[in-house]
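Asks: could you look at this predicted model? Sequence included:
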Amino acid sequence: MAGHEIPEPADRKQVADPVSDPQAAEETQHSCDPAFRHGVVVGFDGSTSSERALAYAIGMSRRTGSGLIIVHVANRLPTTVWAGCEPPVFVDVPDHRTEVLGLELACADYLAEIPWVLVERGGDICHELEEVGREYSADAIVVGTTHGIVGRIFGSVAGRLARRAQRPVVVIP
């Protein structure tokens with residue numbers, strides 16, 4: 001019935017009031033640009049494997065007609081290294097690499113045809129990539145493989161992410 005409103009029952013209770021419940025207000029607000037919802041998330045740190053992952057993610061973004069969310073996770077080091085503390089406390093290390101990567105990406109011709117955004121995070125790479133994927137309701141997360149001894153000892157980011165992610169993970173060799 002066009003032009004008519006159906007009155008709500010008087011005994012109906014509101015489940016969450018965004019004004020009184022700050023957590024509900026956060027969930028109703030989308031912190032990301034809606035143009036990038038259901039986009040492709042790619043982890044990028046400037047390494048050769050992340051450049052290959054970026055190239056694949058660009059192609060995937062073009063094919064699906066979606067936005068590209070490029071994520072750089074800044075370094076965090078335990079303060080136990082410097083202060084000799086017992087509990088593992090982490091401190092953010094100033095990382096100007098995101099700014100440099102952003103400038104390089106802004107000048108790149110291969111990104112001119114698709115909408116993209118660079119997101120900086122700090123913390124565990126797997127957790128942050130999955131969190132960004134959740135925030136943007138990403139269709140996939142693209143990462144490069146880890147080469148070297150660090151990946152063999154601690155486990156690769158791609159392997160850990162593939163085991164715990166709630167969305168498809170594409171690993172580029």
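Replies: Yep, it's here. Note that this is a predicted model, so its numbers are computed, not measured.

Asks: so after the longest helix seen in the chain, what's the next helix or strand?
Replies: When the chain is parsed with DSSP state H, its longest helix is helix 48-64. Following helix 48-64 in sequence order, the next helix or strand is strand 68-74 (DSSP states H and E).

Asks: next, the buried residues of that next one.
Replies: L68, I69, I70, V71, H72, V73, A74 (16 or more other Cβ atoms under 10 Å). C-beta here means a position set from N, CA and C on the backbone, and glycine is covered the same way.

Asks: tell me the one of the residues you listed nearest R37?
Replies: Nearest to R37 among these is I69, at 9.9 Å by Cβ to Cβ.

Asks: report the spatially nearest residue to the closest one, omitting neighbours in sequence.
Replies: What sits nearest to I69 in space, not counting adjacent residues and going by Cβ to Cβ, 6 or more residues apart in numbering, is V41, at 4.7 Å.

Asks: where does the one you found land in three-state SS?
Replies: Under the three-state scheme (DSSP: H, G, I helix; E, B strand; the rest coil), V41 adopts strand.

Asks: that one reaches Y136, doesn't it?
Replies: Yes. The criterion here is Cβ atoms under 8 Å, and V41 meets it with Y136 at 6.6 Å.

Asks: pull up the pairing partners for the host helix or strand of I141, direction included.
Replies: Taking DSSP H and E as the definition, one finds I141 inside strand 140-144. Paired with strand 140-144 in the same sheet, following DSSP bridges, are strand 40-43 (parallel), strand 169-172 (parallel).

Asks: make a markdown table from the ones you listed and add mean pLDDT and distance to I141 to it.
Replies: Compiled in a markdown table, the strands paired with strand 140-144 are given as follows (pLDDT from 0 to 100; distance: least, Cβ to Cβ, whole Å):
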| stretch | mean pLDDT | distance to I141 |
| --- | --- | --- |
| strand 40-43 | 96 | 5 |
| strand 169-172 | 94 | 5 |
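
Asks: tell me which of those is the most buried.
Replies: Among those, strand 40-43 has the highest mean neighbour count (mean count of other Cβ atoms under 10 Å), at a mean of 28.

Asks: most widely separated two among the buried residues of strand 68-74?
Replies: Among the buried residues of strand 68-74, the pair separated by the greatest distance (Cβ to Cβ) is L68 and A74, at 19.6 Å.

Asks: can you map out the helices along this structure?
Replies: Taking DSSP H as the criterion, the chain carries its helices at 22-28, 48-64, 80-83, 97-106, 125-135, 149-154, 157-164.

Asks: state the mean pLDDT of the third one.
Replies: This predicted structure assigns helix 80-83 an average pLDDT of 48.

Asks: quick one, grab the pLDDT at the nearest residue to A53 once chain neighbours are set aside.
Replies: Using Cβ to Cβ, 6+ apart and skipping residues adjacent in sequence, the residue nearest A53 is G144, 4.0 Å away. Note for G144: predicted pLDDT of 92.
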